[in-house]
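Visitor: prediction below, plus the sequence it came from.
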Amino acid sequence: AQSVTQPDIHITVSEGASLELRCNYSYGATPYLFWYVQSPGQGLQLLLKYFSGDTLVQGIKGFEAEFKRSQSSFNLRKPSVHWSDAAEYFCAVGAAMTGGGADGLTFGKGTHLIIQP
Amino acid sequence: NAGVMQNPRHLVRRRGQEARLRCSPMKGHSHVYWYRQLPEEGLKFMVYLQKENIIDESGMPKERFSAEFPKEGPSILRIQQVVRGDSAAYFCASSPIGHSYEQYFGPGTRLTVT
């Protein structure tokens, strides 16, 4: 069974500083990997995804993530955070079903990002 | 292009009542997924449906919970005889034909059982 670990429950970063959120997954084959962001009381917004190819993927809002197969990691990065980036961030892993659809996603427990002025 | 729509956004039910949560997928999307989010937790997959067909319900509790996605109309997640432990946020996601790996989420329905 697949699983996702986000080791940091809370992270505090100063505005303008760089950010890295960690994500480790467990899956037997090449996974489909996702990062979502959730603002309080809101749904989830897809930041970026990795299916195959280039292991460095670019997303919206200036975020990027790097897939490292050897480390089973898919860490999210941003060079300079803004106060509006304060939110909950979820890493998720999915797999293709043989019928051509996609499996339900498996989510980590999330990392709560706090931005200090 | 409207996103995934869920209603109601907030639902309060007394123990023993029924809860019905609705999800309208994005236009052109044929796959619907339901997830549950408990406080301080990530989302847990419940069920995956296509029109008139349940594909994977491995995450659904065995009793009291059911889901459907009829040929016409929204997908419905139904919880019978609700208990306090059912209080959670329920999210629906949809994905397009041919790109079913990308799931787009609705704003969620927050169910409170009193």
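Guide: Okay, I see it.
Visitor: hey, let's count contacts and neighbours off CA atoms from now on
Guide: Fine.
Visitor: enumerate every residue touching the residue nearest the centre of chain B.
Guide: In chain B, the C-alpha nearest the mean C-alpha coordinate belongs to B:Trp34, at 3.6 Å (Cα atoms, centre = their mean). B:Trp34 makes contacts with B:45-48, B:77, B:90-93, as judged by Cα atoms under 8 Å, 6 or more residues apart in numbering or on different chains.
Visitor: would you map the strands across chain B?
Guide: B:5-7, B:10-13, B:19-24, B:29-37, B:43-50, B:53-56, B:65-68, B:75-79, B:88-96, B:104-105, B:109-113 (DSSP state E).
Visitor: mind putting the ones you listed in a markdown table, mean pLDDT included?
Guide: What follows is the strands of chain B, written out as a markdown table (pLDDT from 0 to 100):
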| stretch | mean pLDDT |
| --- | --- |
| strand B:5-7 | 96 |
| strand B:10-13 | 98 |
| strand B:19-24 | 98 |
| strand B:29-37 | 92 |
| strand B:43-50 | 92 |
| strand B:53-56 | 90 |
| strand B:65-68 | 97 |
| strand B:75-79 | 98 |
| strand B:88-96 | 93 |
| strand B:104-105 | 91 |
| strand B:109-113 | 97 |
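Visitor: how about the nearest residue to A:Ala17, chain neighbours excluded?
Guide: Spatial nearest neighbour of A:Ala17, chain neighbours left out: A:Ser80 (4.9 Å); criterion: Cα to Cα, 6 or more residues apart in numbering or on different chains.
Visitor: thought that neighbour was touching A:Val13?
Guide: No - judged on Cα atoms under 8 Å, A:Ser80 makes no contact with A:Val13 at a distance of 9.8 Å.
Visitor: nearest to A:Lys109, of the strands of chain B?
Guide: Smallest distance to A:Lys109 across the strands of chain B (Cα to Cα): 7.6 Å, for strand B:43-50.
Visitor: who's in contact with B:Leu49?
Guide: B:31-33, B:55-56, B:68-69.
Visitor: among these, which pair sits farthest apart?
Guide: B:Asp56 and B:Phe69 (12.7 Å).
Visitor: A:Pro40 should be in a helix, yeah?
Guide: No - using DSSP: H, G, I helix; E, B strand; the rest coil, the assignment for A:Pro40 is coil, not a helix.
Visitor: for the nearest residue to it once chain neighbours are set aside, list each beta-bridge partner.
Guide: In this structure, A:Pro40 finds its nearest non-sequential neighbour in A:Ala87, 7.0 Å apart by Cα to Cα, 6+ apart. A:Ala87 forms beta bridges with A:Leu113, as assigned by DSSP bridges.
Visitor: shouldn't A:Ala87 be in contact with A:His112?
Guide: Yes - A:Ala87 lies in contact with A:His112 (Cα under 8 Å); the separation is 6.1 Å.
Visitor: quick check: bridge partners of the residue nearest to the centre of chain B?
Guide: Bridge pairing for B:Trp34 - DSSP bridges - gives B:Val47, B:Cys92.
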